[in-house]
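> can't give you the sequence, but here's the structure:
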């Protein structure tokens, strides 16, 4: 059976070009980059070249790129890294952040910013939540469930304005894991001090990630040891992983406008077909400020688990929400924050498209869903 | 030029069979193991099969195996995981632990156990350092620089004896990263509660690792988020990495007796040739309680950095000590703890053999070293 994959927010396949770029570093050039001999130094050069490649996409300096073992680790490093330095400070996050932001943030004095019905943060509430003791604001670039984009530049400008005449520093972190395939990642333009990227969501290797750390910003490390990654992520470097991450980011960056445009077309088609064939379907999140690859709907009265099983049987892979909490019985905190009832949340489905998604697949998935709903 | 690699303690090449085992999980079976559809559950099954495979080598239960992103992370998780639960307790470590043990341990009330001239810990000193507030003892299985083996079972028995009638728990962790290729890893036999393994040292993928956590033992997690790995290591699982780790551990376990015996032969040959051709060379560490693949020597009056460059030019890759601190200008804390002067430390070389090492290579490296020394 042909598999039609509508869960790109959960995982992306490793791109063939990316795997090819990684291949030499598995066996031939496996050397420890900290070794002093030429072969070790050559591994070091490849690692640093990967760092420079990543920096180029972010319009950053290579020294601002820290390779981590995934997006979750990078989010933890950003939050603990700042908050451990200012344990008496507080952190402000949106209420729809990923668990890898929320869980570490709640180790500290944490304030959650409300979101509006479409999932966009309430900038007035953000302003109200930031006080003299706030040292870190963490607002995701694009939500992993409903695909809503946050007005990062506005947040950046707001924070920039608040910095004047303050005793404490005020840093801005964004989790850009879901945004990286489609949106501008230039750190300065976004106004962020810290930014998380995840290889496993950009057709790169799993458990590869990056934390952008603006030059001069000092973090407390999470994992201690040999002092690799400027002391911020000890452990023998995963050169194959870093090279793969860089290749994946570079490729997705070069495809980004074209793919965003193509997927916006498919998204429109998807939503139009839904309106036509399943008129009771409600699109969640923002129609305008939305990731090009996300369609998130509620089918009132239906049970999403049952629908997902039926879709799976028909060869369509979709999700109820975040895969990270799929095994969790709790209704999505994202949908709750947007004001959906638990009942509506349990009737919701997420379809996330990607490079392999075609017009035909979109037609097929809506057709299948519509016959399931009609049954 | 043929490269003759004598730095297996720093990094091992990825085994071809291991890479073959990983291959399907890069692109075809790339699915998120937390996804509810069949393909996701199939990725979950592969992950759990890898866990069972690892558990078998440790004679442990699958639920006792936590996949981490490398040995350094596993060491950090073990130490912070216990010490965060008992912040008023103290930790006892050997003075020659890897930095990934020493650095997190020194975040707490940490006592270092002295080692003897051959690098073995002083069991009397260990006994003296453990008091009523000690909650964790971390003693490495085999040292990464000089290859000295620690009497783990004796330590395990000592700890078992001390547990009686204690108010606080007393846990035993071992960093077995260097030991895994050659020594028994059955956790119960060793008497350990926590054990660290590193894929990058056993011909497996870099930044893959395992922390064995004895059933019932509760740890504070280091990296928070989606709650993967029983909440101890959040982040989308690296199924390819886990499968690769399991394949590497299984293979190295099946080869272990044969390889240990073969390398002991080469080690003897290496030392005999040294005695014959470079009589001033001093073997550091224990002759008897030693990893089969390690030859660590001091060449009084010589500069190890210069010798390493000359060896590299002749195609021999060796090390001065731990690659993790190779870029560090400080003399090795291991050699210092064993009583070597800084001068002797700077005249020391580490040769670590592996699967590719042959008799001929051993002859060649000693011949080359002897002509360099004669110059």
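Happy to help now that I have it. On a predicted model such as this, the values are computed, not experimentally measured, just so you know. Numbering: from 1, shown residues only, chains lettered A, B, ... in the order given.
> Any idea how many residues pack against the nearest residue to residue A:110 once chain neighbours are set aside?
Residue nearest to residue A:110 in three dimensions, not counting chain neighbours: residue A:91, with 5.1 Å by C-beta to C-beta, 6 or more residues apart in numbering or on different chains. Just so you know, the C-beta spots here come from the backbone N, C-alpha and C atoms, and that holds for glycine as well. Neighbourhood size, residue A:91 [other C-beta atoms under 10 Å in any protein chain shown]: 27.
> Identify the residues contacting the helix or strand harbouring residue A:91?
Under the criterion of DSSP states H and E, residue A:91 resides in strand A:90-94. By C-beta atoms under 8 Å, 6 or more residues apart in numbering or on different chains, the surrounding residues in contact with strand A:90-94 are A:79, A:82-83, A:101-102, A:105, A:108-113, A:115, A:121, A:126, A:129-131, A:133-140, A:150.
> what separates residue A:113 from residue A:121, distance-wise?
Separation of residue A:113 from residue A:121 (C-beta to C-beta, to the nearest Å): 5 Å.
> Phi, psi for the residue nearest the centre of chain A please.
Centroid-nearest residue in chain A: residue A:177, 2.0 Å away (criterion: C-alpha atoms, centre = their mean). The phi/psi pair for residue A:177 (degrees, to the nearest 10) reads phi -60, psi -40.
> Can you tell me how far it is from chain B?
10 Å (C-beta to the nearest C-beta, to the nearest Å).
> and what of residue A:365?
According to C-beta to the nearest C-beta, residue A:365 and chain B sit 13 Å apart.
> What is the neighbour count of that residue?
Counted with other C-beta under 10 Å, residues neighbouring residue A:365 total 25.
> Kindly report the same for residue A:63.
Neighbour tally, residue A:63, other C-beta under 10 Å: 12.
> ok, which residues in the stretch 101-250 of chain A are in contact with chain B?
A:103-104, A:107, A:200, A:205-207, A:222-228, A:234-241 (C-beta under 8 Å from any C-beta of the partner chain).
> of those residues, buried ones?
Neighbour counting over those (16 or more other C-beta atoms under 10 Å in any protein chain shown) leaves A:103-104, A:200, A:205-207, A:222-228, A:234-241 as the buried ones.
> So chain A: which segments form each domain?
Using automatic domain parsing, the domain ranges for chain A come out as A:4-12+A:256-366, A:16-251.
> So for the shortest one, first residue to last residue, what's the gap.
In other words, domain A:4-12+A:256-366. 12 Å (C-alpha to C-alpha, to the nearest Å).
> What's the mean pLDDT across that domain?
When pLDDT is averaged along domain A:4-12+A:256-366, the result is 94.
> likewise the longest one?
In this model, domain A:16-251 carries a mean pLDDT of 97.
> residues in contact with the spatially most distant residue from the centre of chain A?
Going by C-alpha atoms, centre = their mean, the residue of chain A most distant from its centre is residue A:37, 37.9 Å out. By C-beta under 8 Å, 6+ apart, the residues touching residue A:37 are A:31, B:7, B:308, B:311, B:312, B:317, B:318.
> go with 6 Å
Each residue near residue A:37 by C-beta atoms under 6 Å, 6 or more residues apart in numbering or on different chains is listed here: B:312, B:317.
> now do the one 3 residues further on
Contacts of residue A:40 were listed using C-beta under 6 Å, 6+ apart, and they are A:31, A:32.
> host element of it?
Element membership of residue A:40, judged by DSSP H and E, is helix A:38-58.
> Sketch out the strands for the stretch 201-350 of chain A, chain order is fine.
A:209-213, A:282-283, A:294-298, A:316-317, A:348-352 (DSSP state E, counting those that start in this stretch).
> quick one, which of the ones you listed is packed in tightest?
For these, the largest average neighbour count (mean count of other C-beta atoms under 10 Å in any protein chain shown) is found in strand A:209-213, namely a mean of 28.
> hmm, back to that, can you tell me how far the residue farthest from the centre of chain A is from residue A:160?
Using C-beta to C-beta, residue A:37 is found at 47 Å from residue A:160.
> do residue A:336 as well
To residue A:160, residue A:336 is 31 Å away according to C-beta to C-beta.
> So which of the two has more stuff around it?
Shown here are residue A:336 and residue A:160; by other C-beta under 10 Å, residue A:336 has more neighbours (16 against 12).
> Pretty sure residue A:51 sits against residue A:65.
Yes: between residue A:51 and residue A:65 a contact is recorded at 4.8 Å, counting by C-beta atoms under 6 Å.
> quick one: the helices in chain A?
Under the criterion DSSP state H, chain A contains helices at A:16-22, A:38-58, A:71-83, A:99-105, A:123-129, A:152-163, A:187-190, A:239-277, A:304-313, A:333-337, A:342-345, A:359-374.
> Check which residues of the second one are buried.
Looking back up the chat, that one is helix A:38-58. Applying a neighbour-count criterion of 16+ other C-beta under 10 Å, one finds A:39-40, A:43-44, A:46-47, A:50-51, A:53-55, A:57-58 buried in helix A:38-58.
> repeat for the fifth one
Neighbour-count burial for helix A:123-129, counted by 16+ other C-beta under 10 Å, picks out A:125, A:126, A:129.
> Now tell me what touches it from outside.
Contacts to helix A:123-129, defined as C-beta under 6 Å, 6+ apart, come from residues A:92, A:111, A:113, A:114.
> picking up where we left off before, got the contact list for the residue nearest to the centre of chain A?
Contact analysis of residue A:177 by C-beta under 6 Å, 6+ apart lists A:71, A:198, A:201.
> Counting neighbours, what do you get for the closest residue to residue A:140 other than its chain neighbours?
With C-beta to C-beta, 6+ apart as the criterion, residue A:140 has its nearest non-adjacent residue at 4.3 Å, and that residue is residue A:175. Per other C-beta under 10 Å, the neighbour tally for residue A:175 reads 31.
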